[in-house]
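**Q** following is a predicted model, sequence given first.
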Amino acid sequence: MQIDEKYIGMVKTKNKRKYYTVTIFASLKNNGRVNTLLNKTIISSASLNDIKQKVNDLLINRYKIKEDEEIFISSDFATYIQHFGESITCCKSKYVPDKFHVYKTLKDKLPDVIVDDYSLNDKGFRKYLVKRLDEIDDVDARKLSKLLKRNSKCFEAYLDKDYLGCSQEGQNSHIYAPRFGKYANRFSPSTIEKLSLIREAKVMKAKVILVHKKRELPDYIDTSIPINLYLEDPIKYVLDTSEMKYETAKMFNAIKYGGC
């Protein structure tokens, strides 16, 4: 499972707010230069609690996950993502910082240090990284150092063949950014969720069913009574063009009588 957020302009606030996005997938297929996520489900919400509930429901009902199974939760260094597993009650989970953010931070802040998946899992080397990162006055360096101090084994999954990486920023760019990233409009959270649902359904090739809580079907309809007994001819209004100028009357007469 991979998690991220998109910042979108919302009503009643001058600043953009977080809109949470999640992709759950079972495996991936390599198509040369591109990886395709298989059996994936894409969800989103303006509410973090709503996302947590949806994830649990999907893991149980769609992916049929068992309590003794474990999933990876992968993304950047955001604290809420590191603790997201605490809200998953249906199975075990393990947070894994995605390689892009880890390697980019180390390359940008410690360009003289050469790292790979194996060195990141060396205890002595991790201590050395923490020491070097603590010497740098930078937000990302501090986040990575704090992560290593709290969870020294966070890179173990890099050596696990079952860990399939993280591409949620790419999902955000492909699904949400084209609709919300280029407009100055501000949306209500519920509107964003509805628009996002349509885009997500298109990507997943899923059907969207439109319902309205105030337009529920009646529990019982008496089909023994012919419906046409209750229908009346609709009131017809005839457009009078007699007082119009010639060109205007000509146009409206054409509309009335099917000429255009």
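**A** Received the coordinates, thanks. Predicted, not measured: the structure shown is a model, and the values here were computed from it.

**Q** going forward, measure contacts between C-alpha atoms and count neighbours the same way
**A** Fine.

**Q** S93 sits in which helix or strand?
**A** Assignment of secondary structure by DSSP states H and E places S93 within strand 92-97.

**Q** which strands or helices does that strand pack on?
**A** strand 70-75 (3 or more C-alpha pairs under 8 Å, 6 or more residues apart in numbering; DSSP states H and E).

**Q** can you list contacts of the strand it packs on?
**A** Surrounding strand 70-75, the residues in contact under the criterion C-alpha atoms under 8 Å, 6 or more residues apart in numbering are 1-4, 81, 84-85, 91-98, 163, 165-166, 168.

**Q** list the buried residues of the lengthiest helix in the chain.
**A** What stands out as the longest helix in the chain, according to DSSP state H, is helix 189-204. Neighbour counts over helix 189-204 (16 or more other C-alpha atoms under 10 Å) mark 189, 192-193, 196-197, 199-200 as buried.

**Q** low-confidence ranges, the stretch 151-260 of the chain, go.
**A** Along the stretch 151-260 of the chain, segments meeting pLDDT under 70 span 182-184, 212-239, 256-260.

**Q** could you pull out the helices in it for me?
**A** Under the criterion DSSP state H, counting those that start in this stretch, helices of the stretch 151-260 of the chain are mapped to 168-171, 177-180, 189-204, 246-256.

**Q** ditto for the stretch 1-150 of the chain
**A** Under DSSP H, counting those that start in this stretch, the stretch 1-150 of the chain gives helices at 48-61, 79-82, 99-109, 123-134, 139-150.

**Q** and the shortest one, average pLDDT?
**A** What it means is helix 79-82. Mean per-residue pLDDT for helix 79-82: 94.

**Q** who are the packing partners of that helix?
**A** strand 70-75.

**Q** about what we covered before: tilt between the strand holding S93 and strand 70-75?
**A** Interaxial angle, strand 92-97 versus strand 70-75 (axes from the mean of the first three to the mean of the last three C-alpha atoms, to 10 degrees): 30 degrees.

**Q** what's next to strand 92-97, contact-wise?
**A** 67-77, 81-83, 85, 154-155, 157.

**Q** and that strand, how far from the chain's centre?
**A** Using C-alpha atoms, centre = their mean, to the nearest Å, the distance from the centre of strand 92-97 to the centre of the chain it belongs to is 19 Å.

**Q** CA atoms of that strand as CSV?
**A** Taking Å, rounded to 0.1, in the frame of the first residue of the first chain, the C-alpha atoms of strand 92-97 are listed here in CSV:
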residue,chain,number,x,y,z
LYS,A,92,0.0,-6.6,10.5
SER,A,93,1.8,-3.7,8.7
LYS,A,94,5.3,-2.4,8.2
TYR,A,95,6.2,1.2,7.3
VAL,A,96,8.9,1.5,4.5
PRO,A,97,10.3,4.9,3.4
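
**Q** that strand pairs with which strands?
**A** Applying DSSP bridges, strand 92-97 is found paired with strand 70-75 (parallel).

**Q** could you flag which of the contacts of strand 92-97 are buried?
**A** Neighbour-count burial (16+ other C-alpha under 10 Å) applied to the contacts of strand 92-97 gives 71-77, 81-82, 85, 154-155, 157.

**Q** follow-up on the earlier one: quick one: the strand holding S93 to helix 139-150, angle?
**A** Angle between the axes of strand 92-97 and helix 139-150 is 140 degrees (criterion: the same axes, to 10 degrees).
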